[in-house]
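1. Here is a sequence with its predicted model. Questions after.
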Amino acid sequence: MQSEFSDVLKQIRESRQKVFAHINTALIDLYWQIGQMISQKVSSEAWGKSVVSELAKYITQNAPEIKGFSDKNLWRMKQFYETYQSDPKLSPLARELPWTHNTIIFSRCKSAEEREYYLRLCIKEHYSSRELERQISSSHFERTMLGNQKLSAVLREVHPSINHTLKDTYVLEFLGLPREHEEKELQRAIIQNMKQFILEMGRDFIFIGEEYRLQVGNQDFYLDLLFFHRGLAALVAFELKIGKFSPEHLGQLNFYLEALDRDVKKTHENPSIGILLCRDKDEEVVEYALSRNLSPTMVAQYEIQLPDKKLIQAKLHELSDALEEKKQ
């Protein structure tokens, strides 16, 4: 009986979701059409700013029950249409997101590439508007574009799509840690803010445990954080280091991965992945350390403050210019 009730509830939820999606698409189409009309009227000089304000007042006076058509929002509709009118690839993506998400993306993103990135990211991760704002503020797009991931050759071989899953740098400003902190403080703060931590990493991560016990021989060892990644179908071990990366850190992580694969991993799962999350790293030292490493591992860095967006955008422009010069 319970299973039958569960099936009915599942059908209700799926139908409601389809209805909401249909309503959202219809609403976005309406905003597109109004934005198109305003854009054409303004560009032909048939309408000025005052006419748009008059339109907003007219809607309010004649249909006070209809909300969302202030002069400010009408101008947003115009901007929405003008942003995507010449990009047929992006306009269908925009229709999959709520209006609030769209306004955040087209008002804060400066290029078509950046807009596409956040449109796809929102569709994939199902971000709330607040979560989307945070990802833009943390320069998620720029960090991904600049990402110089330090991965072992084995990790690339076992998980070819890994570049689209893990990041080179994780921004953990939500932990509220002081500049000087201990590893235990970092671990405790992550546990207390696990929802935000998983949002920063990606929703496919599932938390399994902290200080995860591994018994090898007659000894007990404790792994800082253990996750499972649904997309990679693999256990993901995190070792936390508050200092600079040192090659010997990998020896400990490799040992944990061997224990996980022998004693914890299920037969249908892929080999376990190790992530050494450190406060700082010398890129060349990391590259040397990983070059002959035989385990699927990577070295990532964490920051406890939001990055300077202007600085990181400048670095992205420098990289883009350098790539263009190489092509010529």
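-> Right, received. Where do you want to start?

2. quick one: what helix or strand has N254 in it?
-> Secondary structure from DSSP states H and E places N254 in helix 248-263.

3. list the contacts for the nearest residue to P307 once chain neighbours are set aside?
-> Excluding its sequence neighbours, the residue lying closest to P307 (C-beta to C-beta, 6 or more residues apart in numbering) is S139, at 5.2 Å. Backbone N, C-alpha and C define where each C-beta goes, glycine included. S139 makes contact with 171, 306-307, 309, 312-313, according to C-beta atoms under 8 Å, 6 or more residues apart in numbering.

4. Export those residues as JSON lines, with columns for neighbour count, pLDDT and distance to S86.
-> Listed next are the contacts of S139 as JSON lines, based on neighbours: other C-beta atoms under 10 Å; pLDDT from 0 to 100; distance: C-beta to C-beta, whole Å:
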{"residue": "V171", "neighbour count": "21", "pLDDT": "93", "distance to S86": "33"}
{"residue": "L306", "neighbour count": "13", "pLDDT": "85", "distance to S86": "33"}
{"residue": "P307", "neighbour count": "18", "pLDDT": "80", "distance to S86": "31"}
{"residue": "K309", "neighbour count": "13", "pLDDT": "75", "distance to S86": "26"}
{"residue": "I312", "neighbour count": "18", "pLDDT": "76", "distance to S86": "28"}
{"residue": "Q313", "neighbour count": "18", "pLDDT": "75", "distance to S86": "23"}
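
5. which of these lies closest to A46?
-> The nearest member of these to A46, counting by C-beta to C-beta, is Q313 at 37.8 Å.

6. The closest one belongs to a strand?
-> No: read with DSSP: H, G, I helix; E, B strand; the rest coil, Q313 is helix and lies in no strand.

7. Correct me if wrong: it contacts F141.
-> No: contact between Q313 and F141 fails when scored by C-beta atoms under 8 Å: they sit 9.5 Å apart.

8. Who are the contact partners of R279?
-> The contact partners of R279, taken as C-beta under 8 Å, 6+ apart, are 241-244, 301-302.

9. Just the buried residues of the residues you listed.
-> 241-242, 301-302 (16 or more other C-beta atoms under 10 Å).

10. Which secondary structure elements does the helix holding N254 sit against?
-> Judged by 3 or more C-beta pairs under 8 Å, 6 or more residues apart in numbering; DSSP states H and E, the packing partners of helix 248-263 are strand 205-216, strand 219-229, strand 234-244, strand 270-280, strand 297-303.

11. Same list (those) but as JSON lines, adding distance to E131 and mean pLDDT.
-> Converted to JSON lines, those look like this (distance: least, C-beta to C-beta, whole Å; pLDDT from 0 to 100):
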{"stretch": "strand 205-216", "distance to E131": "15", "mean pLDDT": "96"}
{"stretch": "strand 219-229", "distance to E131": "19", "mean pLDDT": "97"}
{"stretch": "strand 234-244", "distance to E131": "21", "mean pLDDT": "96"}
{"stretch": "strand 270-280", "distance to E131": "21", "mean pLDDT": "95"}
{"stretch": "strand 297-303", "distance to E131": "18", "mean pLDDT": "93"}
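
12. What mean pLDDT does the longest helix along the chain get?
-> The single longest helix within the chain, with elements called by DSSP state H, is helix 2-43. Summarised as a single mean, pLDDT over helix 2-43 is 83.

13. That one packs against which elements?
-> Judged by 3+ C-beta pairs under 8 Å, 6+ apart, helix 2-43 is in contact with helix 49-62, helix 71-84, helix 99-108.

14. Between which two of the buried ones among the contacts of R279 is the distance greatest?
-> Taking C-beta to C-beta as the measure, the buried ones among the contacts of R279 span a maximum distance of 11.6 Å, between I242 and Q301.

15. Please identify every residue contacting each of those two.
-> Listed as contacting both I242 and Q301 by C-beta under 8 Å, 6+ apart are 278-279.

16. one step back: closest one of the buried ones among the contacts of R279 to P64?
-> Closest to P64, out of all of these and judged by C-beta to C-beta, is Y302, at 50.8 Å.
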